[in-house]
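Asks: pasted the sequence and its predicted model underneath.
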Amino acid sequence: MTTVTLPADPPPPGAPGPAAPWLPLPGHYKVAPGRSLVELAAFCGPLPVRRRRLTLAEATLTVPETEPPEHPTLRFEFDDTHLKAVLTLGQAHESSGTAQLTGDLRIADSDGPHGPDFPVLLRLRVVERADDRLLGVGVARLPYRLLRRATGFRFGRLRPATRLRLLIAGEFA
């Protein structure tokens, strides 16, 4: 059996549509309660040593209506006993079916409302996209020692860890 791939005609310049093929139409989207999953896992080498489900207080996606199109903005607020933080992602780069989003993780500390920013790269795989919604799964890998030194964040005191994995799944509508 032979597989034939037909060329796709690109849309004409100036045609209405999203800034990137993985985005919904311009607008402001939120994740409805119960339509998300967040997991924080600690790894020591290749082995997972601790996993926790986290509470997502709010998640928003803003697709700007400007011309030329700007980058979308994703904002996640975590309100959990293990992680109180805000993750803001703004720069997007597309590659092979995934979008790589860069931004900052700001972890709440005891001194004030928020501690210093920590740079994050989130790889987002779009599971389903329509004009008015987006279902995606994102993974960010964080070096635990650098994160602890920069922000003072600790994820368990008795188990060693070399890196953290933040898994975020949500349906923006």
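Replies: Okay, I see it.
Asks: how many neighbours does residue 145 have?
Replies: Residue neighbour count, defined by other C-beta atoms under 10 Å, stands at 10 for residue 145. Just so you know, the C-beta spots here come from the backbone N, C-alpha and C atoms, and that holds for glycine as well.
Asks: that one is in what secondary structure piece?
Replies: According to DSSP states H and E, residue 145 maps onto helix 144-151.
Asks: quick check: beta-bridge partners of the closest residue to residue 50 other than its chain neighbours?
Replies: Closest residue to residue 50 apart from its sequence neighbours, by C-beta to C-beta, 6 or more residues apart in numbering: residue 42 at 4.4 Å. Residues found in beta-bridge contact with residue 42 (criterion: DSSP bridges) are residue 50, residue 164.
Asks: helices or strands up against the lowest-mean-pLDDT helix or strand in the chain?
Replies: Averaged element by element with mean pLDDT, DSSP states H and E, the chain has its least confident helix or strand at strand 84-95 (a mean of 86). Packed against strand 84-95 by the contact rule (3 or more C-beta pairs under 8 Å, 6 or more residues apart in numbering; DSSP states H and E) you find strand 73-79, strand 98-107, strand 117-130.
Asks: picking up where we left off before, roughly how far apart are the residue nearest to residue 50 and residue 139?
Replies: Applying C-beta to C-beta, to the nearest Å, one obtains 14 Å for the distance of residue 42 from residue 139.
Asks: got a pLDDT number for residue 2?
Replies: Model confidence at residue 2, expressed as pLDDT, equals 50.
Asks: residue 68 too?
Replies: If you check residue 68, the pLDDT there is 63.
Asks: what is the end-to-end distance of stretch 33-53?
Replies: The stretch stretch 33-53 measures 15 Å between its terminal residues, going by C-alpha to C-alpha, to the nearest Å.
Asks: average pLDDT for that stretch?
Replies: The predicted model assigns stretch 33-53 a mean pLDDT of 92.
Asks: and residue 131, what is it in contact with?
Replies: 24-25 (C-beta atoms under 8 Å, 6 or more residues apart in numbering).
Asks: need phi/psi at it.
Replies: For residue 131, the backbone dihedrals are phi -70, psi -30 (criterion: degrees, to the nearest 10).
Asks: quick check: pLDDT value at it.
Replies: Taken from the predicted model, the pLDDT recorded for residue 131 is 89.
Asks: can we start the residue count at 823 from this point?
Replies: Noted, 823 is the first residue going forward, which turns the last one into residue 953.
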